[in-house]
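Asks: Need coordinates for the following:
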Amino acid sequence: QTFGWDSRRATLSSEQISIGDGLILSLLSDVTGTWGGTCGAGRAWPSSVALARWLLADPQRRRLYERRTVLELGAGLGLLGIFCARTGAARTLLTDLPQQLRLLARNVSHTFGEPSTLIDSCALSWGAPLPRRVAADDWDLIIAADVAYEEEGIAAFASTLRRLLLGDYPARALLALPARTDLALSDGANLAPDYMQLIRLLNQAGLRTTRLASLDDGEQPSPSTSPPASPPASPPDASPHIDVFLVGRPGLDGLTDCEAAPASVQASNVDAFVQARKRALAQVEPE
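Replies: Just a heads-up that it's a prediction; the model follows:
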């Protein structure tokens, strides 16, 4: 199927992704590279799919975003944000680099029509000043998947997330991070996951990270051929599991460092977050 854009014809390929409970999301990818995005020719990254399936599988987890405002960073083809908007988020904004925005917006309109009051997209470069559409709003939940694949990008992402989470509004972030070791970070005798560089930067900024789950990605993605300084056109090589982290300011919901979150308390961590958010919003939102 072809879609016109700027007097040119760009061939887009449709991928059907089963999330669960009969929910199938359709995403468009740019098989010819005509649209100029950073990951348009690739398919949905396994981390996005895994996080969406993990959220959908439990009503308690869905309460993290249902009837909430959601901001996605590094949205790529938009799967996570589209999933949240389809399954109960009050309003969702998807963000990525300017060159990715055309295809991201096309995926939004492909699912919701145009215009939609539930979901929209805008450009946001990590490390740069927040665009007005992002900075002027209060976000309940910030989501991102597979954002720790390159050292400079990790620092820029941490800077952006710090600005969003340390503002006046009690926002939280939910991150799905593959436990790759491509950056060869040392952890004593072993290699630490690449995402530990991000976790350390967030902790140094006064934020707390809680590991909620460790997920099987369910598939082995294709190797990336993109330069290291750019977001990969295809999903990077993934480890056998993807870790899910909740990030926020300490003192609001009893979050602990990620190393102190055993599997036995994963469910209570989610419940503690939900209860804290309800208390924080009690003055502005009816039950």
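
Asks: Which parts of the stretch 1-150 of the chain are strands?
Replies: 2-5, 8-20, 23-30, 69-72, 91-96, 119-123, 141-145 (DSSP state E, counting those that start in this stretch).

Asks: Output the ones you listed in JSON lines, with distance to residue 165, mean neighbour count and mean pLDDT appended to each entry.
Replies: For the C-beta atoms, the positions are set from N, CA and C on the backbone; glycine is no exception. Shown next, in JSON lines, are the strands of the stretch 1-150 of the chain (distance: least, Cβ to Cβ, whole Å; neighbours: other Cβ atoms under 10 Å; pLDDT from 0 to 100):
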{"stretch": "strand 2-5", "distance to residue 165": "36", "mean neighbour count": "11", "mean pLDDT": "45"}
{"stretch": "strand 8-20", "distance to residue 165": "27", "mean neighbour count": "14", "mean pLDDT": "80"}
{"stretch": "strand 23-30", "distance to residue 165": "27", "mean neighbour count": "18", "mean pLDDT": "92"}
{"stretch": "strand 69-72", "distance to residue 165": "11", "mean neighbour count": "26", "mean pLDDT": "98"}
{"stretch": "strand 91-96", "distance to residue 165": "15", "mean neighbour count": "26", "mean pLDDT": "96"}
{"stretch": "strand 119-123", "distance to residue 165": "19", "mean neighbour count": "20", "mean pLDDT": "95"}
{"stretch": "strand 141-145", "distance to residue 165": "7", "mean neighbour count": "26", "mean pLDDT": "97"}
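
Asks: quick one: which of the ones you listed is nearest residue 213?
Replies: Residue 213 lies closest to strand 141-145 among the strands of the stretch 1-150 of the chain, at 13.3 Å (Cβ to Cβ).

Asks: That closest one - which strands sit beside it in the sheet, and in what orientation?
Replies: Strand 141-145 pairs in its sheet with strand 69-72 (parallel), strand 172-178 (parallel), by DSSP bridges.
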